[in-house]
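> whatever this is, show me its structure:
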Amino acid sequence: MVSNQSRPRQEAAGRRTGAVDAVGMWVTADGHIRQELLPDGRYDEARGTRSSAYTGRYTVTGSHLDYVDDSGFTATGDIRDGVLFHEHLVLYKEQQT
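Residues are numbered from 1 along each chain as shown. Just a heads-up that it's a prediction; the model follows:
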């Protein structure tokens with residue numbers, strides 16, 4: 001028998017959900033770490049002179065982010081008051097010109 005019950009809505013990878021817009025370039029205050037959250041649910045993180053030091057995918061649920069790196073490790077983050085708290089990092093959204 002097939003159930004007609006609706007399934008819970010799943011958040012789309014990388015899309016704006018809830019009150020936060022995660023897509024864009026996020027940078028630490030010293031500029032050493034630059035994490036670009038792409039609209040297709042991928043991210044690319046540069047560290048110092050090392051471009052693409054970490055790459056993977058992310059999903060957004062409300063203001064919470066879940067990351068899965070291409071190498072398999074996972075991480076989380078939360079956006080509060082326009083600031084991304086990603087594990088031990090604090091990143092600020094770079095304004096587009």
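> packing partners for the longest strand along the chain?
Ranked by number of residues, the top strand in the chain under DSSP state E is strand 50-61. Packing partners of strand 50-61 (3 or more CB pairs under 8 Å, 6 or more residues apart in numbering; DSSP states H and E): strand 42-47, strand 64-69. Bear in mind the C-beta positions are built from the backbone N, C-alpha and C, glycine included.
> go through the ones you listed and name the closest to Glu94.
Evaluated over the helices and strands packed on strand 50-61, closeness to Glu94 peaks at strand 42-47, with 12.3 Å, by CB to CB.
> partners of the closest one in the sheet?
Sheet pairing for strand 42-47, assigned by DSSP bridges, gives strand 33-37 (antiparallel), strand 50-61 (antiparallel).
> mean confidence for the first one?
Read that as strand 33-37. Across strand 33-37, pLDDT averages out at 98.
> the nearest residue to Ala75 once chain neighbours are set aside: how many residues sit nearby?
Nearest residue to Ala75, sequence neighbours excluded (CB to CB, 6 or more residues apart in numbering): Tyr67, at 4.4 Å. Using other CB atoms under 10 Å, Tyr67 has 20 neighbouring residues.
> wait, Tyr67 sits on Leu84?
No. In this structure, Tyr67 is not within contact of Leu84 by CB atoms under 8 Å, at 11.2 Å.
> re earlier: ok, the residue nearest to Ala75 to Arg57 distance?
Per CB to CB, to the nearest Å, Tyr67 is found 7 Å from Arg57.
> which neighbours do those two share?
Both Tyr67 and Arg57 are contacted by Tyr43, under the criterion CB atoms under 8 Å, 6 or more residues apart in numbering.
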